[in-house]
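Colleague: sequence first, then the predicted structure, then my questions.
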Amino acid sequence: MRSFLAAVSLITCLPLGGFLPTEKELHRCSNYFPLVGMLAGGLIYFPAFWASEYLGAASAVLILLMMEGISKGFHLDGLADTADGFLSSRTRERKLEIMHDSHIGTMGVAAIVLVLLAKYSCLSSMTPKAAATAAALSVFTGRFALTFYILISRYARESGLGKILYTRRPYAGTLIGLVISVAASYFFFGNCFFILPALVFIVLWNWISNCHIRGATGDTIGACEQLTETLVCFQVLFWDL
């Protein structure tokens with residue numbers, strides 16, 4: 001239970017009182033990211049549906065606020081830093097330095113704007129049920145993407161905050177995430193294959209990360225989450241059409 005709470009504290013802004021996870025609990029918390037994603041997705045499903053039902057296309061802004069607000073935009077920062085590093089056309093070492101810098105450059109700003117615009121355009125074009133489904137599934141699949149990406153990748157730095165997640169491989173968490181994904185896919189779409197594009201993308205993202213910096217960092221983990229969320233929004237949009 002404490003490892004689950006550690007996962008909640010790490011990737012959401014849900015209040016946990018004075019709970020402070022230990023290093024050992026953080027080692028195992030990536031196994032619980034899919035469960036945290038399921039919880040977060042469940043929390044925003046009905047608010048997203050009601051917002052879309054009564055506010056129309058304008059509700060997309062409110063839904064986006066809920067999707068990003070549940071983690072205080074934590075993963076958007078990783079997306080921006082990754083874009084600054086990967087698109088800098090520098091050496092591996094210099095890319096890692098750029099990504100470590102807390103300042104956001106032009107490419108980082110562009111990445112955030114484009115991802116948010118993509119999500120907004122999808123959500124504003126959907127029926128209320130589809131928008132709520134997209135919000136909930138995006139939040140869940142994005143958190144499952146964290147677990148699967150950590151499982152198949154290796155850490156690129158000798159040290160760093162993200163390295164603690166690579167102490168133990170989240171095999172159990174990946175299995176849990178797959179089971180939830182298949183169940184959710186069957187419940188919403190009547191088939192078990194909705195998760196496949198996300199899995200393919202995560203493998204591709206791991207390859208891209210290896211090409212640039214020969215591994216993963218906390219920033220590329222966050223970028224993976226955001227890009228997976230965007231992919232899911234497009235998938236639900238095509239399904240709704």
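Modeller: Good, I have the coordinates. Predicted, not measured: the structure shown is a model, and the values here were computed from it. Residues are numbered from 1 along each chain as shown.
Colleague: what helix or strand is residue 197 located in?
Modeller: Per DSSP states H and E, residue 197 falls inside helix 196-213.
Colleague: and the lowest-mean-pLDDT helix or strand in the chain, which residues are buried?
Modeller: The helix or strand of the chain with the poorest confidence is helix 23-28; it has a mean of 80 (mean pLDDT, DSSP states H and E). By neighbour count on 16 or more other Cβ atoms under 10 Å, the buried set for helix 23-28 is 25, 26, 27, 28. Yep, even glycine has a C-beta here, placed from its N, CA and C like the rest.
Colleague: report all helices and strands that that helix contacts.
Modeller: Contacts defined by 3 or more Cβ pairs under 8 Å, 6 or more residues apart in numbering; DSSP states H and E place helix 23-28 against helix 2-11.
Colleague: and the helix it packs on, what does it pack against?
Modeller: helix 23-28, helix 33-55.
Colleague: and for it, what's in contact with it?
Modeller: Identification of contacts with helix 2-11 by Cβ atoms under 8 Å, 6 or more residues apart in numbering yields 14, 16, 19, 21-22, 25-26, 28-33, 35-36, 39, 71, 74, 143, 146.
Colleague: what lies in contact with the least confident helix or strand of the chain?
Modeller: In contact with helix 23-28 (Cβ under 8 Å, 6+ apart) are residues 2, 3, 5, 6, 10, 164, 165, 167, 168.
Colleague: can I have the buried ones of the residues you listed as a ChimeraX selection?
Modeller: Those of these that count as buried under 16+ other Cβ under 10 Å are selected in ChimeraX with:
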select :3,5,6,10,164,165,168
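Colleague: ok so, going back, which other residues reach the helix holding residue 197?
Modeller: 85-86, 92, 95-96, 99, 141, 144-145, 148-149, 152-153, 156, 215-216, 220, 223-224, 227-228, 231-232, 235.
Colleague: checking the nearest residue to residue 94 once chain neighbours are set aside next. Helix, strand or coil?
Modeller: Taking Cβ to Cβ, 6 or more residues apart in numbering as the measure, residue 94 lies nearest to residue 88, with 7.0 Å between them; neighbours along the chain are not counted. Recorded secondary structure, residue 88: coil (DSSP: H, G, I helix; E, B strand; the rest coil).
Colleague: show me how far the lengthiest helix in the chain is from its chain's centre.
Modeller: In the chain, assigned by DSSP state H, the helix with the most residues is helix 128-152. Relative to the mean C-alpha coordinate of its chain, helix 128-152 is positioned 7 Å out (Cα atoms, centre = their mean, to the nearest Å).
Colleague: out of everything not next to it in sequence, what's closest to residue 193?
Modeller: For residue 193, the spatially nearest residue (Cβ to Cβ, 6+ apart) is residue 185, at 6.6 Å.
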